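Just to be clear, the model below is a prediction. Sequence and coordinates:
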Amino acid sequence: MKRFTVLNNPPAKTQWRSLEERAGKPDTEIAELESPNGAREWEQTEGISRRGFMGVASTLAASSALLAGCIRKPTEYIVPLSVRPEDRIPGAPLYYNTVARIGGSVMGMRVTSMDGRPTKVDGNPNHPASLGGANTFAQASIMELYEGERARTPSKAGAEATWDDFTGWASGAFKPGSGKGMALLVEENCSPTTAGLLEKFVAAYPGARVFVHDPSRPSNAIEGAAQVGLAGWRSWNDLGAAKVIAAFDSDFLGVDGDVVRNTKGWARSRAISGNTADISRLYVVEPSFTNTGANADNRLRLKASAVGGFLAAVAKKVFASGVSAPAGASAAIGALKGDAGGKDAWVDALAKDLVANRGAGVVMVGSGQPGWVHGVANLLNAALGNVGKTTFWGPSNATTDATPGLDELAAAVKGRSVNTLVMLGGNPVLTAAADLGFGELLGSVENSVHLSRTVNETSAKAGWHLPESHWLESWGDATAFDGTYALQQPLIAPLFGTWSANELLARLLDGKGASGYDLVRETAKAMAGGDFDTTWGRWLHDGVGKRAEAAAAPLAAGSVPDVDEAAEPTEEVAAAAEDAAA
């Protein structure tokens, strides 16, 4: 029988920090690294030496000062919550509906706020332009709020200034009743509040002029609408009701036009409900590979200068099949010079499919195509009965459609008729045509003011640069393509005490300026009527305000000019296109 010895006090385990220490050669370097500076003196002496005490004390004092500098306390008197509100849970997200114009289109947003800070942007399901969706530009726009390169203070000729410095200067430069030589350069405007302020500015300063420059502005589509008698009107599409979609150099699923609305509609048209024959067919004619082309059922690669001639060939084939031309358009259609480019089978198949699906098709043209190509597409949609079913027209949401552009402003600057220029947003020095030389022209203007979120190329040339509020920091409003009016409510106070474009215009009008909140409420009150406070609360909650009824487009197609000449590119353009293709 074996006996077991019970050890009441087992030997303690010995541990080493290195092989050298195990061998009886302690590594003094490791010991020093693992001990605070001077703290090993405490192990070597019964007390703390004066040298050690001063070293540790100075380290603690420096650390305390550093931490105090990282804590940003408000200057106002604040009172902590003794009892937390029922709906206030730390770490629980809150959601707010708002609206913003991003990438040339107005989108309803639903923004997530975490402990008072906006953290994520999504689409507002209530808004017809987004239906819960948001593109990459909308989602990335929140990064601009926290961007480290944001301008924080005004500057004059590159030197830091204050808002008081600017208001003092503006009080002398802007005197109501004397607007000779004044000019405003704005981006495309979809805000009724901003439009009203621009009208008041021109009325307060007789002789002042307003110009528009915006790279996202669909200038060719505006021209194409005017050519068929729809000046001041804009179109949008409901692709969910379409069976045939023909896109000519139009990346409507990527970056062209009302992308979020079009993507949502196209997805609905492709939903399979038992019969694959019910899904839509997508024809794409384009010069380069796009997101829309990647999803096409039938894709034809064609150089950009030949897209218009190809569309003209499709139009002639459609009208030759017995489709009646819109009133007054027969002469314009007869003047078209179609060029199938050897793709006659493509033209026949597309024209046949469009005719077979009258009222359930849509012809779309990209913003890069000239105005006459948009005009031909407008005629086709009208003749095929698509207007009011898959494509709709309404009064333009942009009040700047008839506003002169950057070319006219450059001519006015060259003619010495502009001595004070206020630029609201944008970066025209970078985005203007190179041969315009806008940077040099801006330097010749006596007084120039630029409002933007960052100090860019235009800011460097301007006399004054003013930091602009982000759309998540400022009150505003916007009207979408379909006429839906919505309120832009801020989720956070301006991080750097910045101004919005509306607040700057209001300040230039009377030297004092109303708040963005009061300016927007004034506009909304004129639209709402009745119990305004209740309506205001509902509009803010839902993220959707007044909706406009779809109007019948007064198509008058007899004014399409020079389509026969425009259908064929000039020799220079054709040669350049051939060189680029080679």
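Arrived safely, thanks for sending. Here the structure is a predicted model, which means the values were calculated and not measured. Numbering: from 1, shown residues only.

what about the residue positioned nearest the centre of the chain, distance to L519?
The chain has I102 as the residue nearest its centroid, 1.7 Å off, counting by Cα atoms, centre = their mean. If you measure I102 against L519 using Cβ to Cβ, to the nearest Å, the figure is 21 Å. In this view, the C-beta of every residue, glycine as well, is placed from N, C-alpha and C.

Check K525 too.
Counting by Cβ to Cβ, the gap from K525 to L519 is 11 Å.

more crowded one of the two?
Legend: neighbour count by other Cβ atoms under 10 Å for K525 and L519, higher for L519 (23 against 13).

in the stretch 451-582 of the chain, which spans are strands?
Taking DSSP state E, counting those that start in this stretch as the test, the strands found in the stretch 451-582 of the chain are 464-467, 476-479, 485-488.

show me the contacts for the residue nearest to the centre of the chain.
N135, F137, A138, S141 (Cβ atoms under 8 Å, 6 or more residues apart in numbering).

residue contacts, the first one?
Just to be clear, that refers to N135. Here N135 is in contact with I102, G103, M107, V259, V260, T263 (Cβ under 8 Å, 6+ apart).

can you tell me which of those residues are in strands?
Mapping these onto strands (DSSP state E) picks out I102, M107.

out of the contacts of N135, which is most surrounded?
Neighbour counts for the contacts of N135 (other Cβ under 10 Å) peak at M107, which has 30 neighbours.

Could you find the closest non-adjacent residue to it?
Leaving aside its chain neighbours, M107 sits nearest to S130 (4.7 Å; criterion: Cβ to Cβ, 6 or more residues apart in numbering).

that older thread, would a markdown table of the contacts of I102 with secondary structure be doable?
Output for the contacts of I102, formatted as a markdown table (DSSP: H, G, I helix; E, B strand; the rest coil):
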| residue | secondary structure |
| --- | --- |
| N135 | coil |
| F137 | helix |
| A138 | helix |
| S141 | helix |
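
Looking at the contacts of N135, which is nearest I492?
Using Cβ to Cβ, the shortest approach to I492 within these belongs to I102, at 18.1 Å.

ranges for the helices of the stretch 301-450 of the chain?
With DSSP state H, counting those that start in this stretch applied, the stretch 301-450 of the chain shows helices at 304-320, 330-334, 344-356, 371-383, 406-414, 428-431, 438-443, listed in chain order.

In this structure K343 contacts N298, no?
No: K343 is beyond contact range of N298, at 11.0 Å (criterion: Cβ atoms under 8 Å).

Show me what the residue nearest to A134 when sequence neighbours are not counted is bridged to.
Excluding its sequence neighbours, the residue lying closest to A134 (Cβ to Cβ, 6+ apart) is G123, at 4.2 Å. Beta-bridge pairing for G123 (DSSP bridges): M109.

pLDDT score assigned to G123?
Per-residue pLDDT puts G123 at 94.

got it, and R416?
At R416, the pLDDT value in this model is 93.

Can we start the residue count at 17 from this point?
Yes, from this point I'll number from 17; that puts the last item at R432.

The residue nearest to the centre of the chain and A502, how far apart?
From I118 to A502 the distance is 13 Å (Cβ to Cβ).

Would you mind listing where the protein has pLDDT under the threshold?
17-28, 41-101, 290-293, 565-598 (pLDDT under 70).

50 instead, please
17-18, 20-23, 54, 57-59, 61, 81-90, 573-575, 577-598 (pLDDT under 50).

hang on, L316 in a strand?
Yes: per three-state DSSP, L316 lies within a strand segment.

I figured it hits K359, correct?
Yes: judged on Cβ under 8 Å, L316 makes contact with K359 at a distance of 6.4 Å.

Common neighbours of the two, please.
Joint contacts of L316 and K359 (Cβ under 8 Å, 6+ apart) are F326.

My read is that G354 contacts A322, right?
No: between G354 and A322 there is no contact under Cβ under 8 Å: 11.0 Å.

where does W555 sit relative to D549, distance-wise?
In this view, W555 and D549 are 11 Å apart by Cβ to Cβ.

out of those two, which sits in the more crowded spot?
Ranked by neighbour count (other Cβ under 10 Å), W555 and D549 place W555 first, with 21 against 11.

Please give me every residue in contact with the closest residue to that one other than its chain neighbours.
Nearest non-adjacent residue to W555, counting by Cβ to Cβ, 6+ apart: G561, 4.3 Å away. Taking Cβ under 8 Å, 6+ apart, we find G561 in contact with D493, T500, Y501, A502, L503, A540, M543, A544, W555.
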